[in-house]
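1. What shape does this take:
(2 chains)
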2 protein chains.
Amino acid sequence: MKQSKLFYKTTKEIGEDIQATSHKLLVRAGFIDQLMAGVYTFLPLGLKVLNKIEGIIRKNMVEAPVCGQEVLMPALTPKENWQKTGRWEDFGALFKLKGLGDKDYALGATHEEIVVPLAQKVILSYKDLPLYLFQIQTKFRNEPRAKSGILRTREFVMKDLYSFHTNQEDLDNYYDKVDKSYIKIFNECGIPASGKKVVTFKTWASGGSFSNYSHEYQTLTESGEDTIHICQKCGAAINDEIKFEQKNCLAPRCKSNDFKTAKAVEVGNIFKLGTKYSLPFDLKFRDKDGKEKPVIMGCYGIGLSRILGAIVEVNNDGKGIIWPKNVAPFLVHLIPVENNKKVKDVSEKLYQNLSSFVKTSDGQAKRIEVLYDDREGKSVGEKFSEADLIGIPYRIVVSERTLEKNSVELKERNVQKSQLIKINKILKLLDN
Amino acid sequence: MKQSKLFYKTTKEIGEDIQATSHKLLVRAGFIDQLMAGVYTFLPLGLKVLNKIEGIIRKNMVEAPVCGQEVLMPALTPKENWQKTGRWEDFGALFKLKGLGDKDYALGATHEEIVVPLAQKVILSYKDLPLYLFQIQTKFRNEPRAKSGILRTREFVMKDLYSFHTNQEDLDNYYDKVDKSYIKIFNECGIPASGKKVVTFKTWASGGSFSNYSHEYQTLTESGEDTIHICQKCGAAINDEIKFEQKNCLAPRCKSNDFKTAKAVEVGNIFKLGTKYSLPFDLKFRDKDGKEKPVIMGCYGIGLSRILGAIVEVNNDGKGIIWPKNVAPFLVHLIPVENNKKVKDVSEKLYQNLSSFVKTSDGQAKRIEVLYDDREGKSVGEKFSEADLIGIPYRIVVSERTLEKNSVELKERNVQKSQLIKINKILKLLDN
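-> This next block holds a predicted model:
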């Protein structure tokens, strides 16, 4: 992509009400645009990142051990379904509206009320179970506190997975598999939940209607609205609600009471629903013994736009965003320093070569995504500081000086030093 | 995908109110599920097709000559924007709702009111033009006649492209480019708009606010709610409104008055907006002569779920759907006839081989998508008639009889005759 054509605009002026680091940086660098409180447009740069996050999540949802099947449920949902579970009244953030004939709708804030009667059309016997359905879809919640940029919005993209089982043991096993898949997703997105640089904690939370706990995944950040307590002995974390409920709260496994308290943002949650939603809809199956039994359920959410914000919260410095490679809008930011013909010609050729399909060592075809700063009339200083703000992993600088050595300057966004690389070695280097 | 695990259910019983062929077949074959009037869930089979259509459209929107940049605008939109253009009152099908603080929202039925102020933040001078922005996003319309299945719904997936120009000539040129791209899209989706088997007609329609006409793309089908008139001399088509307005209506180019009348469904439209939306928002640019001028606009829509329905309207027979290869949910339906070990083993192995990555002649990696009917307890007749209903392009049948010749039976869905193919030749054959 040529930067002169890219639809974006970096800005230094942002509203005083903008507090969260991710909000500031994503607006300043031209990734998102606020339409109104809690409602955003994803600009081309932001949408590219969102799509990469979506790709990572979909892959992990489809593959073993999760083995989910993707569906797409609507946002318009009928009042009757919400009445059956009592949530037409109880779900405070539900957006309600009227259709023709004064019919009452809710905008989908979550989809238990839709997926249960849907599954009911197919589930007859134990042979139809287990069943795993997920979607990646837009959710609507009339949030009172829509103030932390894309960390908390009224309209957001979410992955919701629902699992249906014959018994609790099967649910328990699957729950653990989804947990492992979630940790993999957060690792791949650049907000690690395992390894040496953990920033995303699985926290014990209340509210499991079939077990004592549900679990949340919380990414550490000062901009977060949640507070979590991390056991300094075993690393387990609990959320504020649990800490508050239990007077002498101990870490669930090691039983230590030495907690460190930190601010965090919830990026996902997993929940053993049990029969909470199958009972109101009378979702049953015929078991091997011929008896009808209620289906046991779990649900598992991840907020995609929330993750996008969390990635920026965790990966930035004073100059701007530092995108992890897996989710970066482009892999390479190509910047010619001078406007003379030779520098331009080499840059243009390099842009074409990098952007073309290249063979990689494993025999798969891969295209390197390049943002080419072809703009004229911008100083080198402006170009560099904007590049740092946007935060693409590799910066390649072409100048008369480097070309004297048939080289370009390569700098990684998260590394201080740059290095001279022979032009004919670049592809091989980026290929790894 | 193993059919025993696939979330779907074919059915013979459908509501008496279901009229459109596509509606009947998509419900009966388990591609979509109706949640309420005009609102549907895409089941795994339906979503696979929708995603393929989306892929075809996105490719054509991003590539030359359209060169669109993808954004994602929200569904929740503020009343003020709609008031500026007068459409808060005039757009009859607008869903309205209230947020916190009694704030009025509309659910996005189209996005001129959002994209214009967005573009305004970036467009300053002629150097920022032309600009082409598109999105693939869910639209909401409170349709009074939501009765033709997914041909007319209250919630639907749409691609909307908006173009911004310095002058009308530039708009005219771009409009023609998008027209060519649309024809390519309809051809690739299996509802051809050019060539010998045209079923999708570009029709002259009224309503261009900057030219005499806008254009619609109408796919012929008895289930369509529109009527078009096709010139028997030049093949040009006009919509009913134009025919009605002009008493002695002639074909726009050849001036013949020999029309054939047919029912059709609108799958897309292109529109020269001129300054209709730039004026209310005061969207201007500074031209080369230093003067401020209003930006000239065009807009271009395609309904993805509408296309899905139109494909089925056009591609079916008495037995079921006949998916064009480009948009089929799977390429191959693999059906073992007997339940004995040898037939099952060969089928399982064939399933694994076909589903694995294979190298194609052009060096790109490609995976063949297979639906493997591994269900036991179904008769061959049931399996075959369900396969015909679902409509996957290639059916491969494995039986004791074929295995005696180290072969399987291959039948294309749209061809009467089947042929025996040596097992080791299959990959090569499907690879083309």
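2. Write out the residues of the stretch 101-250 of chain A neighbouring chain B.
-> A:107, A:114, A:118, A:121-122, A:131, A:133, A:138, A:140, A:142, A:144, A:154-155 (Cβ under 8 Å from any Cβ of the partner chain). Quick note: C-beta positions are derived from backbone N, CA and C, even for glycine.
3. can you redo these as TSV with pLDDT and secondary structure?
-> Shown next, in TSV, are those (pLDDT from 0 to 100; DSSP: H, G, I helix; E, B strand; the rest coil):
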residue	pLDDT	secondary structure
A:107	98	strand
A:114	98	helix
A:118	98	helix
A:121	96	coil
A:122	96	coil
A:131	98	strand
A:133	98	strand
A:138	97	strand
A:140	97	strand
A:142	93	coil
A:144	85	coil
A:154	94	coil
A:155	96	strand
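4. now for those, which pair is the farthest apart?
-> A:122 and A:144 (37.8 Å; Cβ to Cβ).
5. Which of these two has more residues huddled nearby?
-> residue A:122 (17 against 13; other Cβ atoms under 10 Å in any protein chain shown).
6. count of residues packed around the residue of the stretch 151-300 of chain A found nearest chain B?
-> Proximity of the stretch 151-300 of chain A to chain B (Cβ to the nearest Cβ) peaks at residue A:155, 5.0 Å away. A count of neighbours around residue A:155, defined by other Cβ under 10 Å, yields 23.
7. which residues of chain A score low on pLDDT?
-> For chain A, the stretches with pLDDT under 70 are A:146-147, A:208-212, A:357-366, A:431-432.
8. domain parsing for it?
-> A:21-73+A:111-317, A:330-430 (automatic domain parsing).
9. Could you identify which of those is most buried?
-> Mean neighbour count (mean count of other Cβ atoms under 10 Å in any protein chain shown) peaks for domain A:21-73+A:111-317 among those, with a mean of 20.
10. how far does that domain sit from the chain's center?
-> 10 Å (Cα atoms, centre = their mean, to the nearest Å).
11. First-to-last residue distance for it?
-> End-to-end distance for domain A:21-73+A:111-317, by Cα to Cα, to the nearest Å: 10 Å.
12. Please see if stretch A:381-399 touches chain B.
-> No - between stretch A:381-399 and chain B, judged by Cβ under 8 Å from any Cβ, nothing touches; the nearest distance is 14.7 Å.
13. Output that stretch as PDB - backbone C-alpha positions only.
-> Included here for stretch A:381-399 are C-alpha records, laid out as PDB according to Å, rounded to 0.1, in the frame of the first residue of the first chain:
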ATOM      1  CA  GLY A 381      11.800  13.600  10.800                       C
ATOM      2  CA  GLU A 382       8.100  13.700  10.200                       C
ATOM      3  CA  LYS A 383       8.200  10.400   8.300                       C
ATOM      4  CA  PHE A 384      10.100   8.700  11.100                       C
ATOM      5  CA  SER A 385       8.000  10.000  14.000                       C
ATOM      6  CA  GLU A 386       4.800   9.000  12.100                       C
ATOM      7  CA  ALA A 387       6.300   5.600  11.500                       C
ATOM      8  CA  ASP A 388       7.100   5.200  15.200                       C
ATOM      9  CA  LEU A 389       3.500   6.200  16.000                       C
ATOM     10  CA  ILE A 390       1.900   3.700  13.600                       C
ATOM     11  CA  GLY A 391       4.300   1.100  14.900                       C
ATOM     12  CA  ILE A 392       4.900  -1.400  12.000                       C
ATOM     13  CA  PRO A 393       7.400  -4.100  13.100                       C
ATOM     14  CA  TYR A 394      10.100  -3.500  10.400                       C
ATOM     15  CA  ARG A 395      11.300  -0.100   9.100                       C
ATOM     16  CA  ILE A 396      13.400  -0.200   5.900                       C
ATOM     17  CA  VAL A 397      15.000   3.100   5.100                       C
ATOM     18  CA  VAL A 398      16.400   3.800   1.600                       C
ATOM     19  CA  SER A 399      18.900   6.700   1.200                       C
END
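14. Okay, helices next: where are they in the stretch 101-250 of chain A?
-> For the stretch 101-250 of chain A, the helices defined by DSSP state H, counting those that start in this stretch occupy A:112-120, A:168-189, A:240-245.
15. for the second one, packing partners?
-> Here helix A:168-189 touches helix A:44-62, strand A:155-165, strand A:200-205, strand A:214-220, strand A:259-274, strand A:296-303, helix A:304-314, going by 3 or more Cβ pairs under 8 Å, 6 or more residues apart in numbering or on different chains; DSSP states H and E.
16. okay, the angle between it and strand A:200-205?
-> 150 degrees (axes from the mean of the first three to the mean of the last three Cα atoms, to 10 degrees).
17. one step back: tell me the bridge partners for the residue of the stretch 151-300 of chain A closest to chain B.
-> Beta bridges link residue A:155 to residue A:140, judged by DSSP bridges.
18. And for residue A:237?
-> Applying DSSP bridges, one finds that residue A:237 bridges with residue A:203, residue A:230.
19. Pretty sure it sits against residue A:226.
-> No - look at residue A:237 against residue A:226 with Cβ atoms under 8 Å: they stay out of range, at 10.7 Å.
20. what's the first-to-last distance across stretch A:10-17?
-> Using Cα to Cα, first and last residues of stretch A:10-17 are 18 Å apart.
21. Ignore what I typed, I meant stretch A:76-96.
-> 10 Å.
22. Tell me the buried residues in that stretch?
-> Of the residues in stretch A:76-96, A:76-79, A:81-82, A:84-85, A:87-88, A:91, A:94-95 count as buried by neighbour count, 16 or more other Cβ atoms under 10 Å in any protein chain shown.
23. Taking those, tell me the two that lie furthest apart.
-> Comparing every pair within the buried residues of stretch A:76-96 by Cβ to Cβ identifies A:84 and A:95 as the most remote, at 18.7 Å.
24. Which parts of the stretch 301-432 of chain A are strands?
-> For the stretch 301-432 of chain A, the strands defined by DSSP state E, counting those that start in this stretch cover A:316-317, A:320-321, A:332-336, A:357-359, A:365-367, A:370-372, A:394-398, A:407-412, A:418-422.
25. Out of those strands, the one nearest residue B:402 is which?
-> strand A:365-367 (35.2 Å).
26. To residue B:194, which of the helices of the stretch 101-250 of chain A lies closest?
-> Closest among the helices of the stretch 101-250 of chain A, using Cβ to Cβ: helix A:112-120, at 39.4 Å.
27. what angle separates that closest one from strand A:296-303?
-> Going by the same axes, to 10 degrees, helix A:112-120 makes 130 degrees with strand A:296-303.
28. Now do helix A:112-120: which elements does it pack against?
-> Counting by 3+ Cβ pairs under 8 Å, 6+ apart, helix A:112-120 packs on helix A:79-85, strand A:131-140, strand A:155-165, strand B:32-36.
29. Dump these to TSV, plus distance to residue B:375.
-> Below are those laid out as TSV (distance: least, Cβ to Cβ, whole Å):
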stretch	distance to residue B:375
helix A:79-85	31
strand A:131-140	16
strand A:155-165	19
strand B:32-36	21
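30. Report the contact partners of residue A:110.
-> A:139, A:160, A:299, A:301 (Cβ atoms under 8 Å, 6 or more residues apart in numbering or on different chains).
31. hmm, who's touching stretch A:9-28?
-> A:29-30, A:32-34, A:46, A:147-151, A:221-223, A:308-313, A:316, A:320-321, A:386, A:389-390, B:121-122.
32. can you do 6 Å?
-> A:29-30, A:32, A:148-149, A:151, A:223, A:309, A:312-313, A:316, A:321, A:386, A:389, B:122 (Cβ atoms under 6 Å, 6 or more residues apart in numbering or on different chains).
33. try stretch A:346-356
-> Contacts of stretch A:346-356 (Cβ under 6 Å, 6+ apart): A:334, A:336, A:368, A:370, A:372, A:398.
34. Kindly recompute the last result at 8 Å.
-> A:2, A:332, A:334, A:336, A:367-370, A:372, A:374, A:396, A:398, A:403, A:408, A:423, A:426-427, A:430.
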